[in-house]
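*Asks:* let's see this in three dimensions:
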Amino acid sequence: HHFCGRNSFTALNTSITDMNRLFSPNLVRPNQPLRKPSSSPVAAFTASPPRHLSISRGTPVRPASGAIGHGKKHIKLFSCFPSQLLGSVPPALTVHFCNYCGQQGNFRCTRCKKMPYCSVVCQTEDWKAHRHVCKSLDAQLAKKILMLIYVCLCFLKHNDSSSSQRVYWKDLHTNKINKGGDFQACVVEFYSPGRFFLIAQNPEMLKALQSIAKQLQKAYSSPSVTTYAPCVGEVCAVQFSCDLNWYRGLVQTLTEDQKMAYILYIDFGNEENVPVDRIRPLAANIQPFCPCAMECRIAGVVPVGSKWSSESCIATSQLIVGKTVTVRLVETQEDGRIHAVDILLSMGKRLSTFLIEHGYAQEEMVIAPTEQDINALVSASLANFRRLSLGKDDNTWAEPPEPLTQAVGDKLSVVITHFQSPDEFIVQKVENAGVIQDLQLKLREHCSQVAAPHNFRPAPGTVCCAQFSEDKQWYRAKVMAYSSEERVCVGYLDFGNSEEVDLGHLRRISTSLLALPMQAMPCGLAGVRPVAERWSEDCLVALQRRVSNRILHIEIQGAHEGKALVAMIDETSDPQANVAELLISAGYAAPAPAPQADETTTSAEPNVSPPVTEPLVWSSIELPCDGQTVALLASVVENPGDFYCQIANPADHQQLINLGAELKQHCEADTLPFVPKVGQPCCDGAWYRAMVKGLCEDKVAVNFVDYGYSMTVEKGNLRSITPQLLTLPFQAVHCWLTGVEPQGLEWSSEALLWFQTQVEAKQLSARVLSVTEQGYGVELESRGQNVAAALISEHLAKVPGEAAKETQTETLSGNKQESVKKNEHHQLQTDASFKEITERQTAAPAEVPSFPVDWKTVELPLNEPFQPYVAAVISPSLFYLLCPTQDQQKLQQVMMELHTYCSNNQATLSSVVKSRPAPGAACCAQFSDNNWYRAVVLEVGENDMSVIYADYGNSEKVPFSRILPVPMHLLQLPFQITRCTLAGKELFPPEWPKEIQQMFQTTLLGDVIATVHSFDGSANVLHVTPTEKGGELTTMILDALHSHTKSKPCPAASQKIDKADSSTSVSTTATPDCPEPKEALEMQKEQESSTGPVKTTGPSQTSETSFFLSRLPQIDHLEQLMEMQLSLIKQLVGQKK
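*Replies:* Predicted structure coming up:
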């Protein structure tokens, strides 16, 4: 009789003979888990770089191989990691006798499941007496009994296997270190940056090491009589050759004669060859601690050549081996065995950065396989198959059997046979356990009678019998591909997993063995999706432990891509648990839309969103026009004549937060295509309200009506909107500043910078004075200061209708208005910054991430000479020194907060960044190691910008996609770089010639002594003296500046040229050197002798500059030009000396 897992059976009518057959130890368990195949039978054993750790003296001595460390080569081993479910042998069966007649009774009462009977007749006759004591067995208990019987059936061992259970890597606990987290560790074994071992420096790990050592020595204190036969991939107890103590070891390879094994000591990271007689099975009482030595590789880098050079190995080992370092776990790979990490070196750099900078490594390029790559792999597989197929049996007749058919709404009891993720797992129906068992018996019998064929070479896609490498039993398998001429990748049809096997482990299959449908049912969990881009390692481990080795109840709710989407209930728990709800409540998953069954038609027209029955009505928030003052927060700032604000009302902000949650839920549920129309509102893919402004093929220009910024999005990212989502008025208010207008035709970059600094992230007081088509004309106050009046007083704007005042400074700077258009992208505020408000706003307005230029810098001690460490040089007016004086613990805390902020907001902010930060602005920048750091913008280009990492002093160019605004709370701790300026900046021009900048940079980077003269509120004012030349660097700069100014053509002659291109300058080799007027030289010498370093006020600087400009000689003859060139060359040579 076949044993079924149904709850509605009337009696266990299985005979003793059948029960003996059912539980015979010779049977093969049907729920045999299989490992995932690798791309080749033998794969290089490489690992990710770990962090180094130190072990206290009280910890056990780790086994050390004879040649540990740099000389060790990577060992080849099978890249399969066994996945074997643990089971137990069932208890011996007992013969029962009929409660009525005393004969052998093989039946039970269907109510209490206790009283035995030999027949229905005896049961009927005995009912008069038995009914008084017969009690119904609890239904839950019946299910538990059913589960126990099924588990015993599934996990019985073959009679020739060892009575003790083998332990594999997957049976050990996993490491509890979180992805992205930092921890202290010590590198105990180093092979290369691509493979090394470390031990986490924490009490739990050291305690585990001690516990493992005690348990092992106690368990194996007596010698063994028999020799154990380990298998590849098994974790065993191994006696180390040096101290003859017992340690946990992974069997990596076995010799052909099975007498020697190559062992990896998983708690220490070293390897050696060990005779098999020094290997024992790991005792059941040994706790399955996770491997104490983490096998690692350096994340994000690969060697420049085919392998890591000896120089890179030596350099890296000197930096990390035997030292306690800070390690960051980037990713866990290969079923939790390999860890991709990065290590923070003592010099402040990441190890990955060090390897790249020294030419040992290059950035790892992660490229998804293209269709061409896949086709190439398929072609290679077919070529391997055909190469030796001539005259062979290609098995083309053996087509795969039909899959099991189920319908939406079916409810089943199942067990999971293969698990990859909540989206991909394989189940078997409990009611088919007996059928599967019969199939396995028939497969075993069939393959024992069929000799190994020499001409059998099954084609890809055909079905055969394959011998599984772990239990040496036979299963139905489909040939998937030929990895080589003699090895194939097979998928096991009834269990869902796959592996690589030799052709010699395949047998022809019979027609009768193909009659049974495939018992593996591909499934995915309905109603959930990963919180991030993919399922976390913690989620996979937790769920696998939850669903393994137990009977589960599923209900099919839909189908997608050949998988059944199911709701899963664990009925063995008390109370019963919905697995999807458990994942959501644990934070591993987020709710997903309800699944729908796949369409049966081969092609179908896309559904069009249904017409809206209710008309869409919307409104915008209005400002009071009766002279009332209202509090505003700027959300998008273009210039004083064009900016957007929100009313600073906590109630409105709370409504906007609630609306965001409703929009998110609506957009996730609405999967129908949307046809945008100009002038109609909608929802965008990031769950914000938007107004369609323009259409262009698949692109749509939209304005986000609650914030004010505009952008172009893909049409597929838009969703329709409902009238309920338009109830709250649009929150963005379009404004312009009254009482001012630009000095020229457009606002200058200085005016933009100043205005944005005054209004960003600050609560403004506004009063409406005018309403036009451009929005509300407002009078603004920021921190008690009238913004319009301040703009005018700073000479950055003028009163409407008034002519702009020209100053000598503007004459020096040339026609800078021509470059305003080029600088329009130097914005301090990203258009996306106020999206953060909706997520972080509470009862009071929260801080807004921005690109501030007025960040706090360290004030250096006054009048103390020091040798500066220059981090970056912009000009004599602005340069940065590295002064690492901050508390490293506080800095580490800021770095962690910065990482969290950028990781959580990168997708939202980077996708909508429209404006760009100005030079000198603080920001968050993603370094080439993919970590985020505080940075300061040095220069802005068309597609990228140069930044200096404010806490490390190094610089690089990064694309705009790797720049984010920075919240003000992350700027409370001052940068490690400090902002400086050269003394005498009152005499400095707004724009510096390249020659002067180069001269200043060369001198400053040389041997100089600096002294802080003062702090002007923004930067440290320095006196700098070159040690070789002597004298003030300020004086040298001013002399060179005067010479350069006189070498220019006359303003009258060059005015048209300057207007045509204000950025044009004459190269140093062709610049004429005009003799300086005698009066100017004498005046300068008198000033220097009487007052020391030049310290004049703005007016005196302006008049002096005007004096020099008025005395510029005109060059009319070639002879004069040549004389001035020679003079300039001599002067430059003298400066270099």
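
*Asks:* list the helices and strands the longest helix along the chain packs on?
*Replies:* Criterion DSSP state H: the longest helix present in the chain is helix 888-910. When contacts are defined as 3 or more CB pairs under 8 Å, 6 or more residues apart in numbering; DSSP states H and E, helix 888-910 sits against helix 835-840, strand 922-926, strand 932-940, strand 963-964. Backbone N, C-alpha and C define where each C-beta goes, glycine included.

*Asks:* please redo it, this time with the cut-off set to 7 Å
*Replies:* helix 835-840, strand 932-940, strand 963-964 (3 or more CB pairs under 7 Å, 6 or more residues apart in numbering; DSSP states H and E).

*Asks:* contact partners of the shortest one?
*Replies:* When contacts are taken as CB atoms under 7 Å, 6 or more residues apart in numbering, the neighbours of strand 963-964 outside the stretch itself are 902, 905-906, 909-910, 917, 923-925, 945.

*Asks:* what of the second one?
*Replies:* Residues outside strand 932-940 that contact it (CB under 7 Å, 6+ apart) are 825-826, 872, 874, 898-899, 902, 916-927, 945-951, 955, 966, 970, 975.

*Asks:* going toward the C-terminus from it, what's the next helix or strand?
*Replies:* Downstream of strand 932-940, the next assigned helix or strand under DSSP states H and E is strand 944-949.

*Asks:* so how far is R916 from D944?
*Replies:* According to CB to CB, to the nearest Å, D944 and R916 sit 10 Å apart.

*Asks:* what is in contact with the two at once?
*Replies:* F960.

*Asks:* the more surrounded of these two?
*Replies:* A side-by-side neighbour count of D944 and R916, using other CB atoms under 10 Å, places R916 first with 21 against 16.

*Asks:* related to what we said a few turns ago, just the buried subset of the contacts of strand 932-940, please.
*Replies:* Neighbour counting over the contacts of strand 932-940 (16 or more other CB atoms under 10 Å) leaves 825-826, 872, 874, 898-899, 902, 916-927, 945-951, 955, 966, 970, 975 as the buried ones.

*Asks:* ok, which stretches of the stretch 201-350 of the chain are strands?
*Replies:* 235-239, 246-254, 260-265, 271-275, 279-281, 293-298, 301-303, 324-333, 338-344 (DSSP state E, counting those that start in this stretch).

*Asks:* same check on the stretch 951-1100 of the chain?
*Replies:* Counting by DSSP E, counting those that start in this stretch, the strands of the stretch 951-1100 of the chain are 955-959, 963-964, 977-982, 1008-1015, 1020-1026.

*Asks:* could you list the low-confidence segments of the stretch 201-350 of the chain?
*Replies:* Counting by pLDDT under 70, the stretch 201-350 of the chain contains low-confidence ranges at 334-335.

*Asks:* same thing but 80
*Replies:* 224-225, 333-336, 346-348 (pLDDT under 80).

*Asks:* can you check the stretch 901-1050 of the chain too?
*Replies:* If you take pLDDT under 80 as the line, the stretch 901-1050 of the chain has these spans: 904-916, 985-987, 990, 1028-1030, 1044-1050.

*Asks:* and with 90 instead?
*Replies:* Counting by pLDDT under 90, the stretch 901-1050 of the chain contains low-confidence residues at 901-921, 926-932, 939-945, 951-955, 958-974, 976, 983-1008, 1013-1019, 1027-1050.

*Asks:* now the spatially closest residue to Q972 that is not a sequence neighbour: how far from C122?
*Replies:* Of all residues not flanking Q972 in the chain, K856 sits nearest, at 7.8 Å (CB to CB, 6 or more residues apart in numbering). Distance of K856 to C122, computed by CB to CB: 94 Å.

*Asks:* of these two, who's got more company?
*Replies:* C122 (19 against 14).

*Asks:* now stretch 680-691, how far from the centre of its chain.
*Replies:* On the basis of CA atoms, centre = their mean, to the nearest Å, stretch 680-691 is displaced by 27 Å from the centre of the chain it belongs to.

*Asks:* quick one: closest of the strands of the stretch 201-350 of the chain to E622.
*Replies:* strand 324-333 (50.5 Å; CB to CB).

*Asks:* which other helices and strands does that closest one contact?
*Replies:* Using 3+ CB pairs under 7 Å, 6+ apart: strand 324-333 touches strand 182-192, strand 338-344.

*Asks:* quick check: angle from the longest one to strand 293-298?
*Replies:* In other words, strand 182-192. 80 degrees (axes from the mean of the first three to the mean of the last three CA atoms, to 10 degrees).

*Asks:* how big is the angle separating strand 182-192 from strand 338-344?
*Replies:* 110 degrees.

*Asks:* quickly list the domain ranges of the chain.
*Replies:* Domain ranges of the chain: 94-153, 169-363, 372-591, 630-798, 864-1044, per the TED database.

*Asks:* got these as TSV, with distance to P849 columns?
*Replies:* Output for the domains of the chain, formatted as TSV (distance: least, CB to CB, whole Å):
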stretch	distance to P849
domain 94-153	53
domain 169-363	20
domain 372-591	21
domain 630-798	8
domain 864-1044	4
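
*Asks:* closest one to P852 among these?
*Replies:* Of these, nearest to P852 by CB to CB is domain 864-1044, at 5.5 Å.

*Asks:* ok, back up a step: what does the residue nearest to Q972 show for phi and psi?
*Replies:* Main-chain dihedrals, K856, degrees, to the nearest 10: phi -70, psi 130.

*Asks:* many thanks, we can stop here.
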